[in-house]
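J.: compute the structure for the input listed below.
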Amino acid sequence: MTNEQLVEFALGLANSNKTFMWVIRPDLVAGHTAVLPPEFVTVTKEREQQTNCRYICSEWGIGMEINSDVKRNEVESLLIELMEGDKGKEMKKKAMEWRQMAKEATASLGGSSVQNLENVINQALLSSSTD
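T.: Predicted coordinates:
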């Protein structure tokens, strides 16, 4: 994105008054280092950041994609829809389902997370014992 698009995105986040998660890669701004306006940091110091769009939108169903020609008013209205609208309510429901699955996966020795870790360890031990 261009630095102007980055600034628009940042100010839209700031103007929404909503908590967010946003990760800015070093290569995000074409040909330049990403530079945010000072007021963005001041206004949002208590609420920051974003994650991978593909997983959030398509895989997990807990987010919405924004147009690459970003404008702060679009960011602001999208965030309000996410936090207060019907799409946001559906995404919250999905997030709660993911939360429950994570709890179940890590809740006990029989959880899938523990089983997967044991499988990785066993495979590592088996492969090292056959060498």
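J.: now residue 65: how far from residue 101?
T.: Residue 65 sits 23 Å away from residue 101, going by C-beta to C-beta, to the nearest Å. For every residue, glycine as well, the C-beta is placed using N, CA and C.
J.: before we move on, what SS does residue 27 have?
T.: Put simply, residue 27 is coil when judged by DSSP: H, G, I helix; E, B strand; the rest coil.
J.: residues touching the host helix or strand of residue 15, excluding its own?
T.: Assigned by DSSP states H and E, residue 15 belongs to helix 3-16. By C-beta atoms under 8 Å, 6 or more residues apart in numbering, the surrounding residues in contact with helix 3-16 are 1, 20, 22, 24, 28-29, 32, 34-37, 39-40, 43-44, 66, 68-76, 78-80, 83.
J.: show me what counts as buried in it.
T.: Burial within helix 3-16, assessed by neighbour count using 16 or more other C-beta atoms under 10 Å, is assigned to 3, 5-16.
J.: do the same with stretch 83-91
T.: Across stretch 83-91, burial judged by 16+ other C-beta under 10 Å covers 83, 88, 91.
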